[in-house]
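# Coordinates for the following, if possible.
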Amino acid sequence: MLQWHPDIAINKGISAQEATSTSQQIILAYEILSENLDSLDEVSMKYTYQSYYQYKTSTKKSYKQYYDHSIDGIDASFVNRITVKSSNVKWVDYIRDLQILVVRFKRSSGYYLYYDVPESIFERFRMAESPGRFVYQYLHGYKYESYGEYADWLNVYKSLSEITEDKNGT
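Sure, this is the predicted structure:
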């Protein structure tokens, strides 16, 4: 996959179209080999690349491989989190008045806070076809910190927000 990844292959003189096509075939081959295909109808599917692609892109398929709905203590603390369809990003949250983007990666014991991120970047990130790639391509210029547990200042911020909302009658 590393050889045919579009970002790497272009540097080796391989066209972007060929690299993208080949890497998509590699990804699908991996999915075919890693998924239990016993539940598929052998007669109609026949396990060909094309039929499997149609199965994977049909509206009947399950996105469980893209969404991680498991919840731990950190996840429960971010009640406004948005679970995204991604291979490596679990969810995102955005604190508008502080312009902080919170990103939790799958298989990670913590989360990242990206500072001074405009809301427009958050919206683009939330709608990105590949949130994981978006992080590496567009968020590298923003200051960030990683945390292994829910930060104390976020508890204070949350409490102040609730007090402010109560005083405003909302």
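# which helices and strands sit right next to the helix or strand where residue 17 lies?
Assessed by DSSP states H and E, residue 17 sits inside helix 16-34. Helices and strands touching helix 16-34, by 3 or more Cβ pairs under 8 Å, 6 or more residues apart in numbering; DSSP states H and E, are helix 6-9, helix 49-57. Every residue, glycine included, has its C-beta placed from N, CA and C.
# Now do the strands in the protein.
Using DSSP state E, the strands of the chain run over 82-83, 89-95, 100-105, 111-115, 144-147.
# Report the strands that pair with the fourth one, each with its relative direction.
In the sheet, strand 111-115 lines up against strand 100-105 (antiparallel), strand 144-147 (antiparallel) (DSSP bridges).
# Would you mind checking which helix or strand in the chain has the lowest mean pLDDT?
helix 42-45 (a mean of 48; mean pLDDT, DSSP states H and E).
# In CSV: the strands paired with strand 111-115, plus mean neighbour count, mean pLDDT and distance to residue 8.
Listed next are the strands paired with strand 111-115 as CSV, based on neighbours: other Cβ atoms under 10 Å; pLDDT from 0 to 100; distance: least, Cβ to Cβ, whole Å:
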stretch, mean neighbour count, mean pLDDT, distance to residue 8
strand 100-105, 22, 92, 22
strand 144-147, 13, 90, 25
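# now those as CSV including distance to residue 11?
As requested, those are exported to CSV (distance: least, Cβ to Cβ, whole Å):
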stretch, distance to residue 11
strand 100-105, 26
strand 144-147, 27
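# Looking at those strands, spot the one closest to residue 125.
When those are compared by Cβ to Cβ, strand 100-105 sits nearest residue 125, at 7.0 Å.
# Relative to the whole chain's centre, how far out is that closest one?
Strand 100-105 sits 10 Å away from the centroid of its parent chain (Cα atoms, centre = their mean, to the nearest Å).
# Same check on stretch 115-126?
That offset, for stretch 115-126, works out to 14 Å (Cα atoms, centre = their mean).
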